[in-house]
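*Asks:* let's see this in three dimensions:
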Amino acid sequence: MPHHLRFGEDDLLACRFAVSPLWETQEAVRTLKRPERQGYHPHWLRRVRASGADLDFAPLWLLMPQRGHSPDWLGPPPLRPSGTFDEEIAAVRTADPEAAREEMVRALACTPGAADTALGRHLLADPARTVRELADLMERAWHVLVEPDWPRLRALLEADVAFHSRRLADVGLGGLLRELDHRFTWREGTLTVEWKGQHERDLDGQGLVLMPSVFSWPDVISGYEPPWQPTLVYPVRGIGGLWSAPTEQTTEALVRLLGRHRAAVLAALDLPATTTALAHRLDLAASSVSAHLKALRDAGLLTSRRYGHQVLYERTPLGIALAAGG
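*Replies:* Take a look at the predicted model:
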């Protein structure tokens, strides 16, 4: 059943991209429970099943029905384009207990009998305590499930945002939304999302947060009730090469394709970096690195963005897949 998000003129000016470590943490917890989401993550699963063996995610899983509502206060839309986990979990801790309880009742109702279990009754009995306990559990989940890999995840997510920001300039919002996922259609100011459940919302000048996600794959998620800003979560580009490590054979193949120095520049961009940093790391002249970066960017393998006086280069999803042998 479709979700319909209706845009007014002001909404077109209030759309933005965001990356959220809290959202990825919530969805990492959900992915542990859902085999259909795990296809791209065997490397990650092997690591977290060892390091997170002593964590009990049952309270969170009970509020994550297979279909239906999950509490918005546990993973609210990010207020900034790229906030820190500490900033986001602090907002979770300030959730109003009574509003949190109402959302938990709604979530538990999506799983028959969940509210009558001992754990369901515990969650509802003292909502202020539950807010504290679930925020603590989410913080532990961050440290075990996501934080060790966050630089890699963030680089992929930010590369997606950079790529789609460029496409927004090329094709406009209506064109971009159709490109983000085949389940999105745009017609006469209304975005329709073909996915589970049904949702209708006028954006009322709040605009829309567009958020790529690693662990939400293959799902698209559209929702958030007032007062939260409407948010659309879609699978990040380039996920196929996320956990791959270049092998010696792949590296040599990349050298044959690009040349040794150009392949080295591409391979060195696990994280965004400046020309100067790459030159030092690779022991190459800055002018040479600059020329290689331009060639790789022109080929669609890198993107660049300015922070103050610095220009950071990072791989596009295509560059990530190529560097990983994908």
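
*Asks:* so where's the chain shaky on pLDDT?
*Replies:* Low-confidence segments of the chain (pLDDT under 70): 1, 196-198, 244-250, 307-308, 325-326.

*Asks:* give the buried residues for the helix or strand harbouring residue 166.
*Replies:* If you go by DSSP states H and E, residue 166 is part of helix 150-180. Residues of helix 150-180 classed as buried by neighbour count (16 or more other CB atoms under 10 Å): 150, 152-164, 168, 173, 176-177, 180. Where you see a C-beta, it was placed from the backbone N, CA and C, and this is true even at glycine.

*Asks:* now swap in stretch 105-114 and tell me
*Replies:* By 16+ other CB under 10 Å, the buried positions in stretch 105-114 come out as 105-108, 110-111, 114.

*Asks:* one more: stretch 4-24?
*Replies:* Here stretch 4-24 shows 5, 7, 11, 14-24 as buried, counting by 16+ other CB under 10 Å.

*Asks:* what of stretch 40-48?
*Replies:* Neighbour-count burial for stretch 40-48, with 16+ other CB under 10 Å as criterion, is recorded at 40-41, 44, 47-48.

*Asks:* got it, and stretch 317-326?
*Replies:* 317-324.

*Asks:* with just CA atoms, put that stretch into PDB.
*Replies:* Provided in PDB are the C-alpha atoms of stretch 317-326 (Å, rounded to 0.1, in the frame of the first residue of the first chain):
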ATOM      1  CA  PRO A 317      29.500   4.600  -5.000                       C
ATOM      2  CA  LEU A 318      31.100   3.700  -8.400                       C
ATOM      3  CA  GLY A 319      34.500   4.500  -7.100                       C
ATOM      4  CA  ILE A 320      33.900   2.400  -3.900                       C
ATOM      5  CA  ALA A 321      32.800  -0.600  -5.900                       C
ATOM      6  CA  LEU A 322      35.700  -0.300  -8.300                       C
ATOM      7  CA  ALA A 323      38.300   0.000  -5.500                       C
ATOM      8  CA  ALA A 324      36.700  -3.000  -3.800                       C
ATOM      9  CA  GLY A 325      36.800  -5.100  -6.900                       C
ATOM     10  CA  GLY A 326      33.000  -4.900  -7.100                       C
END
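
*Asks:* show me how far that stretch is from its chain's centre.
*Replies:* For stretch 317-326, the separation from the chain centroid amounts to 19 Å (computed by CA atoms, centre = their mean, to the nearest Å).
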